[in-house]
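A.B. asks: I'll drop the sequence and a predicted model, then ask my questions.
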Amino acid sequence: MDLTAHGGDIYTLARELGRAPEEILDFSANTNPWGTPPQVKEAIKRAAEFCCPYPDPACRALCQAIGEKEGVPPQAVLCGNGAADLIFRLVWALRPRIGLVLAPTFSEYEKALRSVGAAVQYIGLSREEDFALAGSNLEVPLDGVGLAFLCNPNNPTGQCTTRQELQPFLERCRGLGIPVLVDECFQDFLKDGAGFTLVPLLEEFPNLVVLKAFTKMYGMAGVRLGYCLCSDPSLLDKMAAAGQHWGVSTLAQEAGLAALSLEGYAQRTAGYVAAEREILCQGLERLGLRVVPSRANYLLFHSHVPDLDRRLRPHGILLRSCANYRGLGPGDYRSAVKDREKNGALLAALQKVLL
């Protein structure tokens, strides 16, 4: 098992340093700097009293609540064991010969495609243009493509593409019968997310699947809860059949319901993250690091030091090396945006190891 494929492995570093996992400063995973809301923790505790029966396999109450939040019917919602589960379900349901992905982007799309023997076609993003995805990037040949993945905001760059810029690509794919998954897992962190989400286009584009998760905004990575939206019920049925039964635990379903009840939580978080992101960005730049502009709760930056992540480990800090992202390499790193104190601790440690 490749434990270096993603961030968030606080357990290995804790063992290395002889510390408790909660003592590690984890800048490698992009979750809410405020952690898990108390209301969500309480919902999980209450749900623990109802662990004997199997969970609702259709997640009916949760799908109803998600539908109300997103403005779609509950039958347009499919819940899963985190966003990664739904990525694999879609690939396993369709088994495309060729998949289309950005480069760089989240690695699970390619990993899922490879798991069914699919070839992968890339849309290369330019470092000189800060890895922005423009309409011209999407004017790629689509011969033989059976599934396309987009990530908005893109991970690890934090760059966003507007709904208007993406619509022509969706129209091309609809005409060719190509399903498109657009990963919006970090859109809750956008202060102006209404102009970026593709949820309003779901009815117009039955080939569109919008992916979201509770992981990032609600600090629920350990709970494992994601969902996707699609106006094509037959595609959602295929995805449901491609995964395990009872894929979403009772605890996760109740946690999701509690998270959805938090009025204004996402908006308050987005405002806080935007302010702290700017301060962290300025701090990184003062250290001579080249930072890519981001709208999300993380920053991609480049350093002349190729082992910066390793040098930070003795300080109890995890930083995400992006050397294994296609289109990036040694010296590229992604840092989560945390609270003021933790961000300051990262900058202080970086100053020491960069000397």
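C.D. replies: Sure, I can see it.

A.B. asks: what sits opposite the closest residue in space to Thr105 that isn't next to it in sequence in the beta ladder?
C.D. replies: Of all residues not flanking Thr105 in the chain, Cys151 sits nearest, at 5.0 Å (CB to CB, 6 or more residues apart in numbering). Yep, even glycine has a C-beta here, placed from its N, CA and C like the rest. Counting by DSSP bridges, Cys151 is bridged to Asp183.

A.B. asks: Give me the neighbour count for Cys151.
C.D. replies: The burial count assigned to Cys151 is 24, neighbours taken as other CB atoms under 10 Å.

A.B. asks: and the gap between the closest residue to Thr215 other than its chain neighbours and Ala14?
C.D. replies: With sequence-adjacent residues excluded and distances taken as CB to CB, 6+ apart, Thr215 is closest to Ala221, at 4.8 Å. Distance from Ala221 to Ala14, counting by CB to CB, to the nearest Å: 16 Å.

A.B. asks: Ok, Gln282 next?
C.D. replies: 31 Å.

A.B. asks: More neighbours: these two, which one.
C.D. replies: In terms of neighbours (other CB under 10 Å), Ala14 is the more surrounded of Gln282 and Ala14; the figures are 17 against 11.

A.B. asks: Now that one: phi and psi?
C.D. replies: Dihedral pair for Ala14: phi -60, psi -40, per degrees, to the nearest 10.

A.B. asks: Same check on Lys216?
C.D. replies: phi -80, psi -60.

A.B. asks: Quick check: it vs Ala345, distance?
C.D. replies: The spacing between Lys216 and Ala345, counted by CB to CB, is 21 Å.

A.B. asks: okay, these two: which has more neighbours?
C.D. replies: Lys216 (25 against 16).

A.B. asks: Run a quick neighbour tally on Asp237.
C.D. replies: 12.

A.B. asks: Any stretches of the stretch 1-150 of the chain with poor pLDDT?
C.D. replies: For the stretch 1-150 of the chain, applying pLDDT under 70 flags the ranges 1-5.

A.B. asks: just the strands in the stretch 51-200 of the chain please.
C.D. replies: 77-80, 98-103, 119-124, 145-151, 180-183 (DSSP state E, counting those that start in this stretch).

A.B. asks: Save the ones you listed as a markdown table, and put in distance to Thr269 too.
C.D. replies: Formatted as a markdown table, the strands of the stretch 51-200 of the chain follow (distance: least, CB to CB, whole Å):
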| stretch | distance to Thr269 |
| --- | --- |
| strand 77-80 | 22 |
| strand 98-103 | 26 |
| strand 119-124 | 30 |
| strand 145-151 | 20 |
| strand 180-183 | 19 |
